[in-house]
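[1] I'll drop the sequence and a predicted model, then ask my questions.
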Amino acid sequence: MAWRRTKRLLVGGTFLGASAVAGRYIYNQYYNTSNPRSLYTDQGDSGLRNNPELQDGQDKSSRSRYPKPKYEGLLPKRQELLQNLKKRDHEYDLLVIGGGATGTGVALDAATRGLNVALVEKDDFSSGTSSKSTKLIHGGVRYLEKAFKNLDWKQYQMVRQALQERSTLLHIAPHITYALPIMLPIFKWWQVPYFYVGTKMYDLLAGSQSLQSSYFLTRTQTLEKFPWLRADKLVGAMVFYDGAHNDARTGISLALTAASYGADIANHVSVLSLIHNKENNRVSGARVRDNLTGEEWTIRAKGVINATGPFVDEIRKMDTGSDTVEIVCPSTGTHVVLPDYYSPHDMGLLDPSTSDGRVIFFLPWENYTISGTTDTAIDKVVDDPVPLESEISFILGEIRHYLSDEIQVRRSDVLSAWSGIRPLVRDPSKADTQNLVRNHLLLVSENKLLTIAGGKWTTYREMAEDTVDKAVQEFNFDATKAGKSRNLRKCKTSKTLLYGAKDWSPTLFIKLIQEYGLETKLAQHIAKNYGDKSWILAQRIVEGKNKRAAKPLAPGIDNVEEEVRWAAREEYAERVRDVIGRRMRIGFLDVNKCYQVSEKVLEIMAQEKGWGQGRKEEERLLVKNWLEGMGLNVVKNAAVPHKAEEIEEMDEKTEAGRSRIDERRRRQIEKGGKRDSRRKQGEEEVDADRNRDMNKKRKKRTKEQGRGEEGPGKKRGSGEKLPTTRSQGY
C-alpha cells in the first residue's frame, strides 16, 4: 500500500515538475525580454554588485530618465520636514497616510516618479505589523502546495510574484537582507519524494532568481546539523532557501530612502479628519496633529492614499461615514524569542504540519531563535496586541514535539513574546464576503480616497507600484497642465537601492576595522545595520567627545551608546521606544534586558532632545506600556508549564491588561493638546519638590553623622543598615 502511494506521488510529481519546467521556459522567453529585473543574472548577494548596469542603482540605457536622490548624504531634520508640511499655500500631489512597509513603499515609488509626496504616521515608522513579522522574505512553500492541491491559479501566481519580489528586495537592500537555508525534517519515507518534488518546484518557479538549489540531507547529516532534533523515526530532511531580514530596519530604510528622494515624511503625526473639496466633495487633504507637541494643521493634496494596514477602515470611515462596510478581517500572529541554542546559527527549521494544521518556523535571528506563528481571530484592531499565554503554550508544545527528550523546553526560556495583526481583507464588491483576498486589494471610494490593503512584507514593492499606477490614473497626474505635460517616469523601485546600500559590500566591516580600529563584533554589527552610513557612524564613535560612545548599552547587547545618538539625530527617532524597538531590536529580543537598559537610553535621548523631568516621566510610562505589549508581564510569569485552567485565567488577565493599556493610551492622546503648555510648569514643580526632598535628606544625614556614626547607612554598634536614598530608576 505504501509503495503504491509512493508510486502515485512520483508519477504525479514528475508530471507536475515537467509542466513547471516547460511553463518556466516559456515564461522566461517573455520575462527576459521585457522585465528590467532580468538584469539580475547572478545568484546570491553578488548579483547586484557584479552587474555594472545596476552598480549605482541606475539603468545605463536610461540614465537621463532615472531619478537621482535629492539628498545624497545625511537627511534633513524632522523639524525641517514639518515646516514643509505646514506650508499653507502648498498642495502636494499625494498625501500618504501610514508609515509601515506599504505606506513608505508608496511614498518612495511616487517620489522616484517625480511626484510631490507627503507622508504621516501616527506612531513610528514600522511600529505596527511591519516590525512584528516572521522576518522572512519568501514566496511561501505552503502556498505553493495549496495551489497545486486545489488547482488554484491565482495562488500560484501569487507565489511566483512573491519569489520575484524576494529577489528584488535582496538586491536593493543587501546590507539588511540575506539568504537563509530552512530545513524540512522528514519522518516518513513516502514524504521524501513529496518534499523533494515540492522544494524543487519552488526552485524552478523562482527561475534565474532562485537563491540556491534545494538539497536532501540524510539522517546522519540532519543530526549533525541539528543534533537536538528528535532522532526516532527521523528519515532525513530537505533544505530549501528563502530570504530573511531585520524587518523594522528595512522599514526604517524605506522611510529614509523616500526622504532622500524628496518626500516630506513625519512620524508621530495623527490624521484627525479628512478634508473634502466643497465643489465636488473629493478628498483633498487631511487635518493632522503632531502627537509630540499637540499642534494641529491642514495638509492639502490632489490625492490621498490610505495605507494604514489593519487600520484602513478607520480612515475609510472618515471619508464615507461610520456605516462604511469594513474590509479588514483581523487576526493576530504570536511569536516568541528563545535563546540561540534552540536552532542552528545558520539554518532555520519549518514544521509543515502542526497538531492543528498550522505551520511553525524556528529561525535564527539576531543571535537568538524566533519561533511562530499562531493565527487567532480578533474582533477589534488595537495598536499593540498582547500575546496570550495559550498562544505561547501552543508554540512551546510544538517545539517539544520536534526536539529530543533530552532537551527541556522551559517556559522560563521565553525571553520575549509579541503579537502582530495580519491585515487580511475581503473584497466588499464580492457577494461571498467570507472569501478573503489572498493578495492585496485596491479600493477607490466615491470621494476618490485610494485605499491599499492586504498583502505581505515580501510584496510591499509590487503593492506600492500598483497603488501609484492607480493614483496616476485616478488623479490624472499625467494630464497636460498649462500647456505642458508632466511626463512622469515609470516605476523604478525595482532598481532603486535603499538607504545605506549604495556603497555597501560584504567586506565593509573589515575596512571599518582597518580604518578606525573598531572591534570585529562592533564593526560587523554597524555594517549590517547601517550599510555605507557606517563610515559616518564609525567616525563619530572614535572621534566623538564622549568616551563611552563605543560602550555596549549592557552586557550581551551589541548596540552601543552612539547608536542612540545616531537614531535621535539621523533616523527620526523621537521617543525611547522608537530606539529600543525599531532602530535597535532589544525589545523584541529580551524584554527584561530591554527594560533594564531603557533608563540609559532615556538619559541619552534626554541629552539629545533637551527633555525636562516631565517629558522623561512620560517616556518612562510609555516604555512600560509598550513593553507590556511586547510580553513583559507574560515573560515575568515564566515558570513551570501551566494547567489549562491557569492558562485561561492568565489570558483573561492579559485581555484586561490590554484594555487598561488602550485606556491609558486614549487618555495620553486626549492630553496631547494640553501637554505642551503644562510641561514647563510641571517640570519646575517637580524640580522644586526634588530640591526640597534632597535638602531635607542632606540635613538629616549631616545631623546623624554629627552623632558619630561609623559609616553612612549604619547605626553605631549595630549591623542593621539604614534605608538609603539612592534612586532605583523604575
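    That came through, no problem. Numbering: from 1, shown residues only.
[2] CA only for contacts and neighbour counts going forward, please
    Will do.
[3] just checking, Val409 touches Glu398?
    No. Contact status for Val409 versus Glu398: not in contact, 10.1 Å apart, counting by CA atoms under 8 Å.
[4] where does pLDDT dip in this protein?
    For the chain, residues meeting the criterion pLDDT under 70 lie at 1-66, 355-357, 429-438, 478-486, 544-547, 633-730.
[5] center of it, which residue is that?
    Ser131 (2.2 Å; CA atoms, centre = their mean).
[6] phi, psi for it please.
    phi -110, psi 0 (degrees, to the nearest 10).
[7] who's in contact with the host helix or strand of Asp93?
    Using DSSP states H and E, Asp93 sits in strand 91-97. Contact partners of strand 91-97, identified using CA atoms under 8 Å, 6 or more residues apart in numbering, comprise 103, 106-107, 115-121, 271, 285, 299-308.
[8] okay, buried residues for the helix or strand containing Ser598 please.
    Here Ser598 is covered by helix 591-609, with elements defined by DSSP H and E. Buried positions in helix 591-609, judged by neighbour count with 16 or more other CA atoms under 10 Å: 591-595, 597-602, 604-606.
[9] and Gly581, how far from His345?
    23 Å (CA to CA, to the nearest Å).
[10] between the two, which one's more packed in?
    Gly581 (23 against 15; other CA atoms under 10 Å).
[11] please tell me how far the nearest residue to that one once chain neighbours are set aside sits from Thr220.
    Leaving aside its sequence neighbours, Gly581 sits nearest to Gly587 (CA to CA, 6 or more residues apart in numbering; 5.3 Å). Distance, Gly587 to Thr220, by CA to CA: 38 Å.
[12] ok, Thr496 to Ser534 distance?
    Relative to Ser534, and taking CA to CA, Thr496 is found at 20 Å.
[13] the more surrounded of these two?
    Taking neighbours as other CA under 10 Å, Thr496 and Ser534 compare with Thr496 leading, 28 against 22.
[14] I'd say that one and Ile172 touch.
    Yes. Using CA under 8 Å, Thr496 is in contact with Ile172, at 6.4 Å.
[15] so Val120, which of the three states?
    strand (DSSP: H, G, I helix; E, B strand; the rest coil).
[16] now for it: which residues touch it?
    95-99, 265-271.
[17] which of those residues ranks first by neighbour count?
    Gly99 (33 neighbours).
[18] and the host helix or strand of Arg569 with helix 591-609, angle?
    Using DSSP H and E, Arg569 sits within helix 561-570. Between helix 561-570 and helix 591-609, the angle comes out at 50 degrees (axes from the mean of the first three to the mean of the last three CA atoms, to 10 degrees).
[19] so for helix 561-570, what gets flagged as buried?
    Buried, per 16+ other CA under 10 Å, within helix 561-570: 561-569.
[20] stretch 469-480 now?
    Neighbour-count burial for stretch 469-480 [16+ other CA under 10 Å]: 470-472, 475, 477.
[21] just how off-centre is that stretch within its chain?
    31 Å (CA atoms, centre = their mean, to the nearest Å).
[22] what's near enough to touch Leu508?
    Leu508 sits in contact with 527, 532, where contact means CA under 8 Å, 6+ apart.
[23] if we can go back for a sec, please enumerate residues in contact with the helix holding Arg569?
    74-75, 77, 537, 540-541, 548-553, 573-574, 579, 583, 601, 604-605, 608-609.
[24] among those, which ones are buried?
    75, 537, 540-541, 549-550, 552-553, 573-574, 579, 583, 601, 604-605.
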